[in-house]
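K.L.:
With the sequence up front, the predicted model follows.
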2 protein chains.
Amino acid sequence: MDHSKSTKKPMTSRELAALIGVSQSAVSRAFTPGSSIARDLRERILMQAREYGYQPNAIASMLTKRRTNIVGIVVSDMRNPFYPALIEKLTQALQRAGLQSLLFNVTPGAEIEKQLVAIHTYNVDAVVVIASTMLNSRMLTRITEGRKAVLLNRIGHEDIASVCCDNALGARLLVDHLYEAGHRRIGHVAGMTSSGIGMLRYSAFTSRLAELGMRLTRTVSHEAFSYEAGWDSALDLLADEPDAIFFTSDILALGGIDALRTDPRGAGVGVVGFDDIPMAAWPNYSLTTYRQPVSAIAETTTRLLTEDGPTTPKLYSLPGELVIRASSAPRITGAE
Amino acid sequence: MDHSKSTKKPMTSRELAALIGVSQSAVSRAFTPGSSIARDLRERILMQAREYGYQPNAIASMLTKRRTNIVGIVVSDMRNPFYPALIEKLTQALQRAGLQSLLFNVTPGAEIEKQLVAIHTYNVDAVVVIASTMLNSRMLTRITEGRKAVLLNRIGHEDIASVCCDNALGARLLVDHLYEAGHRRIGHVAGMTSSGIGMLRYSAFTSRLAELGMRLTRTVSHEAFSYEAGWDSALDLLADEPDAIFFTSDILALGGIDALRTDPRGAGVGVVGFDDIPMAAWPNYSLTTYRQPVSAIAETTTRLLTEDGPTTPKLYSLPGELVIRASSAPRITGAE
DNA sequence: ATGAAAGCGCTAACAG
DNA sequence: CTGTTAGCGCTTTCAT
């Protein structure tokens, strides 16, 4: 039988307690795992709760426990298709751990600090900052102080843990692959120079290039990780007649591929990207790239946020996977 | 001078009140717009609050005001690039209205109801459900009961408001455009048949087709709005030798375009999509499509959720914009 | 193991 | 306009 009334106000623990003749604390304990309460009392209460449609009010619980079970997710670049994929996996992993995700979309225009006050007033337990070059180190300190925090695709903050794929390894594997495919003169498209991750990939890229005796024709940067930036950069690099171009991110590479097709000098130029966004697998692009271990990143982040004790502010570097497709076809056989 | 100690626990209104010799309610009122408090008292309190780094605790406020200022955003398909764009605009609009976004990512596998209990326990003020065919009507009723709600890209629920672009208009304009470009035999790719929006576009499409005396060669559906589904559907439709293909969504159309290129019969077949995702503008695709008014959708949704009084459960249909690109090039001039 | 009672930090009557 | 007083619904001692 269904006792649940569709009243406006949800029922309180006290009401339920009165209804079934136990103390209010008993109800509370029934819903608190590990609290000392008799097995059968708990069962009885939980059963009745289901009958009456009672659910503990999380807000009240937050107030007393001073835990919200909410993690703030700070994003600024939803345009790069890599991030929606990451956010999806992350929120799912957090949900499985019983954590909710409060989304903060920081936009360039307005005062960014204003947009983030809710992190404090809502007392989020933890903060995950995704990439955002929009926040400087001081802001990061402010929004993360007093709570757990993880940076994704961002490095270099002294007191905050970072979770990334192994960017250096990825860059090296891509260079190795280009080498094996017969490419020797490599151009580089950096995207934003303000991105620590971009620079990390860049340095691993150049040092591996040097080790193999290959040549960096030139580096081009644009203040965005975007299709358009990739397009412009690729055309720019053609002047140096590279055998192949290393793009710091897939979205840049896709723009690059399309741009190269518009120029005769682009024929046969190999292309590699980084991330493995869905479009990289589209036959039209068939982009060779380094796949970021998105699930592992999400899991690791969740683990760091849920384990007790302070989070070690180190860099957690997770191995990804080299994905070879047609865009980096061997030089010998010519263009695809 | 900076009095703010970086202590763990943030300061309370009572502490601040004691510190500056006013009542605790005065502090509360200082932070409550429109409360009756002297101008200078408020100013003084706010100033001191800034000094000491006091911020009202939103959790406590939620408990008394029984408003959370949180809206739950329920999504299931972050894969379709249209949705990240929509979510971005929506959360930004909500933020400007002082509302936070709690993200619910419903995954097919597990028990969906379980994933949504937090909507109740966290007492979100409002719910926005994006597209998700994953939730049936009964679930919608359950999660929206007792709070404001808006469906985006989803229609047909009796008691809940829907905000959409004008799908019928869009479909008609696209058909008109195909007609003018000389196409007469049109194929149709439906994506998911469980999508009300998809069906709405479909019926507007077919009726306009009929009005103009054009011919629907065939409709193909796949249980997804994805690149792959578009690819397969397009190849499937080629058997009927259509002049052009109408895809119910851009992401389908992109797959279709690439697929058509793999088949000689695909040359010269016109393509139109719906949404205007960023990739539609990429030169390689140059997809003619109907642009959804994403900002207007976000604004309208925010308005509905913030205005007081119950939300009328009607369909708010917002005009988009026909975007003509090369994919629907006139039949006369042949393939591009 | 259970109940009673004291808050968590704030808002909202209620007096004055 | 300001201060005092009750709670909001829960968790958590503290007794029993």
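P.N.:
Happy to help now that I have it. Numbers count the residues shown, from 1 in each chain, chains lettered A, B, ... in the order given.
K.L.:
all contacts plus neighbour counts: C-alpha atoms, from now on.
P.N.:
Noted.
K.L.:
mind listing what residue A:324 touches?
P.N.:
A:287, A:288, A:289 (CA atoms under 8 Å, 6 or more residues apart in numbering or on different chains).
K.L.:
okay, these in a markdown table with pLDDT next?
P.N.:
Shown next, in a markdown table, are the contacts of residue A:324 (pLDDT from 0 to 100):
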| residue | pLDDT |
| --- | --- |
| A:287 | 98 |
| A:288 | 98 |
| A:289 | 98 |
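K.L.:
among these, which are in helices?
P.N.:
Cross-referencing these against helices under DSSP state H gives no overlap.
K.L.:
Can you identify each of the helices in the stretch 101-250 of chain A by residue range?
P.N.:
A:112-115, A:117-121, A:137-144, A:167-180, A:196-211, A:227-237, A:250-261 (DSSP state H, counting those that start in this stretch).
K.L.:
which of the ones you listed is buried the deepest?
P.N.:
Greatest average neighbour count among the helices of the stretch 101-250 of chain A goes to helix A:250-261 (a mean of 26), per mean count of other CA atoms under 10 Å in any protein chain shown.
K.L.:
For that helix, enumerate the helices and strands it packs against.
P.N.:
With contacts taken as 3 or more CA pairs under 8 Å, 6 or more residues apart in numbering or on different chains; DSSP states H and E, helix A:250-261 sits against helix A:227-237, strand A:270-272.
K.L.:
Tabulate these in JSON lines, adding columns for mean pLDDT.
P.N.:
Converted to JSON lines, the helices and strands packed on helix A:250-261 look like this (pLDDT from 0 to 100):
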{"stretch": "helix A:227-237", "mean pLDDT": "97"}
{"stretch": "strand A:270-272", "mean pLDDT": "98"}
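K.L.:
just so I know, which of these lies nearest residue A:173?
P.N.:
Minimum separation from residue A:173 across the helices and strands packed on helix A:250-261 (CA to CA) falls at strand A:270-272, 10.8 Å.
K.L.:
Let me know whether residue A:74 touches residue A:107 as I believe.
P.N.:
No: the pair residue A:74 / residue A:107 is not scored as a contact, 10.6 Å apart, by CA atoms under 8 Å.
K.L.:
ok, the nearest residue to residue A:263 once chain neighbours are set aside - contacts?
P.N.:
Nearest non-adjacent residue to residue A:263, counting by CA to CA, 6 or more residues apart in numbering or on different chains: residue A:235, 7.8 Å away. Neighbouring residues of residue A:235 by CA under 8 Å, 6+ apart: A:256, A:259, A:260, A:263.
K.L.:
Next, the last one: phi, psi?
P.N.:
It refers to residue A:263. As for residue A:263, its main-chain torsions (degrees, to the nearest 10) stand at phi -120, psi 130.
K.L.:
Can you give me the domain boundaries for chain A?
P.N.:
A:11-63, A:70-165+A:294-319, A:167-292+A:322-328 (automatic domain parsing).
K.L.:
Single out the most deeply packed of the ones you listed.
P.N.:
By mean count of other CA under 10 Å, the domains of chain A have domain A:167-292+A:322-328 as the most buried, with a mean of 21.
K.L.:
Distance from the chain centre to it, please.
P.N.:
Distance, stretch centre to chain centre, for domain A:167-292+A:322-328: 21 Å (CA atoms, centre = their mean, to the nearest Å).
K.L.:
which residues of the stretch 201-336 of chain A score low on pLDDT?
P.N.:
A:332-336 (pLDDT under 70).
K.L.:
May I have the secondary structure class of the closest residue to DNA strand D within it?
P.N.:
DNA strand D sits closest to residue A:308 of the stretch 201-336 of chain A, with a gap of 15.2 Å, by CA to the nearest atom of the strand. Following DSSP: H, G, I helix; E, B strand; the rest coil, the label given to residue A:308 is coil.
K.L.:
what residues are up against it?
P.N.:
So residue A:308 contacts nothing (CA under 8 Å, 6+ apart).
K.L.:
and it, backbone torsions?
P.N.:
Note on residue A:308: backbone dihedrals following degrees, to the nearest 10 are phi -90, psi 170.
K.L.:
how near is it to residue B:318?
P.N.:
Note on residue A:308: its distance to residue B:318, by CA to CA, to the nearest Å, is 49 Å.
K.L.:
With residue A:271 instead?
P.N.:
According to CA to CA, residue A:271 stands 42 Å off from residue B:318.
K.L.:
Same check on residue A:16?
P.N.:
46 Å.
K.L.:
Tabulate the helices and strands packed on helix A:250-261 in TSV, adding columns for distance to residue A:117.
P.N.:
Supplementary listing: these in TSV, determined by distance: least, CA to CA, whole Å:
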stretch	distance to residue A:117
helix A:227-237	33
strand A:270-272	40
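K.L.:
Can you say which of those is nearest to DNA strand C?
P.N.:
Nearest to DNA strand C, of all the helices and strands packed on helix A:250-261, is helix A:227-237, at 45.4 Å by CA to the nearest atom of the strand.
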